[in-house]
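> take this sequence and fold it.
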Amino acid sequence: MNNINTFSKSCLNFKANDFMSPSSSYADKIYPANGEKSKTIIYKPKAPEAQHKPFISWPDGTGVVHALTLFKNKSGEIMTRLVVQERPAMGGVKTIEAPAGKYGEHGSNETALEGAGREVEEETGLSPIEVVPLSPAPYSTSPGITNELKDFALVIAKDEGNERELTESEKAQKAECVDVPLSTITDTNKFLKWQTNMKDKGMVCNIDIPVLKGLINGNPVAEKHIDAMA
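Just a heads-up that it's a prediction; the model follows:
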């Protein structure tokens, strides 16, 4: 991953502890079976007007990065590799998502793009060649309930037949990969038909896929890298 670019970390401008008090562990509720722990905490706001709404707070410097991962199959077609897994918070419903995960955990200096490359290696088995930022700054997800920030990246990768390195939670969620032609994601009509097909199979399409679709369509930087693959 020598070609991975540097990119500024998602740094929060406030500390949740300044105005919230911890109540319980979020991860214990999601993964009670395998005992996986997390630094993510549910906070109960001190402000009276917000007592009805718990906050999920992440440590400063921790973010999530989602990666649109492209590679050529044996026929030379540009494909994107997605991850299908059973999400406990969704009642075990299968979701289809771009490779994603936390970066900068436990005080590490890992950047969003470094995290994107690592997650692609771990979740898909593909070897990242280049990682490109798709947004100038991170996005908030649900600011009414969490301080979570998301970054988005384009990962150009190569299929060298490597084994995936799944975490215990990913194994418990029966994570598997599916390859989809890039044109299915970029063409709106094809994308909507594909999403309908996934729905008919009982799967839920994660919001990161249409967001990534929107960030590469008409993006000259992304298009330059995709054109170079052809």
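
> now the strands for this structure?
Listed in chain order, the strands found in the chain under DSSP state E are 20-25, 41-45, 55-57, 63-72, 78-87, 93-97, 100-103, 127-133, 139-140, 149-158, 176-181, 203-205.

> quickly list the domain ranges of the protein.
Residue ranges for the structural domains of the chain, counted by automatic domain parsing, are given in the record as 16-57, 63-229.

> tell me which of the ones you listed is the most buried.
Highest mean neighbour count of the domains of the chain: domain 63-229, a mean of 17 (counted as mean count of other C-beta atoms under 10 Å). For every residue, glycine as well, the C-beta is placed using N, CA and C.

> chain center to stretch 201-219, what's the gap?
11 Å (C-alpha atoms, centre = their mean, to the nearest Å).

> ok so, going back, and residue 113, which of the strands of the chain is closest to it?
Taking C-beta to C-beta, strand 127-133 is the member of the strands of the chain nearest to residue 113, at 4.5 Å.

> in CSV: the domains of the chain, plus mean pLDDT.
Compiled in CSV, those are given as follows (pLDDT from 0 to 100):
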stretch, mean pLDDT
domain 16-57, 44
domain 63-229, 91
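
> for residue 220, give its distance to residue 156.
Taking C-beta to C-beta, to the nearest Å as the measure, residue 220 and residue 156 are separated by 16 Å.

> what residue is smack in the middle of this structure?
For the chain, the residue nearest the mean C-alpha position is residue 100 (2.6 Å; C-alpha atoms, centre = their mean).

> give me the beta-bridge partners of that residue?
When bridges are taken as DSSP bridges, the partners of residue 100 come out as residue 66.

> for the residue nearest to residue 68 when sequence neighbours are not counted, give me its contacts.
Using C-beta to C-beta, 6 or more residues apart in numbering and skipping residues adjacent in sequence, the residue nearest residue 68 is residue 212, 4.2 Å away. Residues counted as contacts of residue 212 (C-beta atoms under 8 Å, 6 or more residues apart in numbering) are 66, 68, 98, 134, 152, 185.

> check residue 180 too.
Taking C-beta under 8 Å, 6+ apart as the definition, contacts of residue 180 comprise 79-82, 194.

> and if we set it to 10 Å?
79-82, 96, 190-191, 194, 198, 209 (C-beta atoms under 10 Å, 6 or more residues apart in numbering).

> also residue 95?
Applying C-beta under 10 Å, 6+ apart to residue 95 gives the contacts 82-87, 89, 173, 198, 203-206, 208.

> lovely, talk soon.
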